[in-house]
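Student: pasting the sequence and the predicted coordinates here, then a few questions.
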Amino acid sequence: MHLVIDAGNTHVKLALFNKSGKRYGSIKLIDFDYKLLTNYIQSISKIESTIYCSVRSDDGRFIKFLQSNYPTHVLDIKSRLPFVNKYKTPNTLGKDRIANIAAASQLAGNVLVVDAGTCIKFDLLEKNKSYCGGSIHPGIRMRYKALNHFTGKLPLIEFIPKKINTNKLIGTSTEACLNTGVELAIILEVEAIIARYKQKFPNLITIITGGDLRFFSQQINFTFAARDFTLQGLYQILKLNS
């Protein structure tokens, strides 16, 4: 079995893949807990190799644990990739974005990946397997927090993923106005950006992934909704770097 570990800004996700690329389950932890992670990994039998991807400050202890016990690849700028990376500042490119594009490289055609998590990231892989970049936007919770933090009286609203009425423009309470200003606006923003991409790249394949996948997939039509897209991409990179 091959272990894939994705340490994101909010959660840590782990998944097991067999040699043919079939995923045999995954878990998600609320935060990075060294003891919990190492205990879980040690409970797994027959780990042939691992890949570790982190967008946070690396825990050197954890990397040392992996490298001491298993053949381990730590995703970095030197990693071999299944696409041509034309990003102008590759050393600043988020590792989760690299993994998403690696997963997209397994599809035929122009692919736009929308990763809706702490931030919302758009990344385009052209049909010739060439990657140039995309865009990064504040995520839903980040927008709610900003409205609360930078004002004196606006409350912090808890985001509850649900389908909303996109025809309802007028909020009749402060909470409803905040909901409209964040949730409706972000849907219209994502829809507009996808529409611009489709103008330039006909027959575009659109993928939604990330922690807020459910919210966006209820409101916007995507070609695929893929919750474990980043993990799948990390497995593709692990195969190239074993």
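Tutor: That came through fine. Numbering: from 1, shown residues only.

Student: which helix runs longest in the chain?
Tutor: helix 185-200 (DSSP state H).

Student: buried stuff in that helix?
Tutor: Buried residues in helix 185-200, counted by 16 or more other C-beta atoms under 10 Å: I186, I187, V190, I193, I194, Y197. The C-beta positions use only the backbone N, C-alpha and C, and glycine is treated the same way.

Student: right, and K28 touches A15 too?
Tutor: No - look at K28 against A15 with C-beta atoms under 8 Å: they stay out of range, at 9.6 Å.

Student: least trustworthy helix or strand in the chain by mean pLDDT?
Tutor: Among the helical and strand segments of the chain, the one scoring lowest on mean pLDDT, DSSP states H and E is strand 23-29, with a mean of 79.

Student: what helices or strands is that one leaning on?
Tutor: Packing partners of strand 23-29 (3 or more C-beta pairs under 8 Å, 6 or more residues apart in numbering; DSSP states H and E): strand 12-17, helix 34-42, helix 229-241.

Student: give me that answer again for 7 Å
Tutor: strand 12-17 (3 or more C-beta pairs under 7 Å, 6 or more residues apart in numbering; DSSP states H and E).

Student: residues making contact with the strand it packs on?
Tutor: Residues outside strand 12-17 that contact it (C-beta atoms under 7 Å, 6 or more residues apart in numbering) are 1-6, 23-29, 32, 37, 44, 228, 231, 235.

Student: for the protein, give me the ranges with low pLDDT.
Tutor: Low-confidence segments of the chain (pLDDT under 70): 58-59.

Student: try 90
Tutor: 1, 7-14, 18-46, 54-63, 77, 160-168, 202, 211, 227-228, 242 (pLDDT under 90).

Student: and the strands in it?
Tutor: Along the chain, counting by DSSP state E, strands occupy 2-7, 12-17, 23-29, 49-54, 72-74, 84-85, 111-116, 119-125, 130-138, 205-209, 224-225.

Student: which of the ones you listed sits closest to N148?
Tutor: strand 130-138 (13.4 Å; C-beta to C-beta).

Student: hmm, who's touching that closest one?
Tutor: 83-87, 101, 119-125.

Student: narrow these to just the buried residues.
Tutor: Neighbour-count burial (16+ other C-beta under 10 Å) is assigned, among these, to F83, Y87, I101, C119, I120, K121, F122, D123, L124, L125.

Student: closest to T180 among the residues you listed?
Tutor: Nearest to T180, judged by C-beta to C-beta, of these is I120 at 18.0 Å.

Student: show me what that closest one is bridged to.
Tutor: According to DSSP bridges, the residues that bridge with I120 are A116, H137.

Student: check contacts around it.
Tutor: V114, H137, G139, V190.

Student: how near is it to L231?
Tutor: I120 sits 19 Å away from L231, taking C-beta to C-beta, to the nearest Å as the criterion.

Student: if we can go back for a sec, neighbour count: K28 and A15, which is higher?
Tutor: For K28 versus A15, the count of surrounding residues by other C-beta atoms under 10 Å is larger for A15: 21 against 14.

Student: distance of that one from L213?
Tutor: Distance check for A15 against L213: by C-beta to C-beta, it reads 16 Å.

Student: what do you get for L154?
Tutor: Distance from L154 to L213, counting by C-beta to C-beta: 27 Å.

Student: who's more crowded, the two?
Tutor: Shown here are L154 and L213; by other C-beta under 10 Å, L213 has more neighbours (21 against 17).

Student: residues in contact with that one?
Tutor: Taking C-beta under 7 Å, 6+ apart, we find L213 in contact with A116, A225, R227.

Student: ok, and the most crowded of those residues?
Tutor: A116 (22 neighbours).
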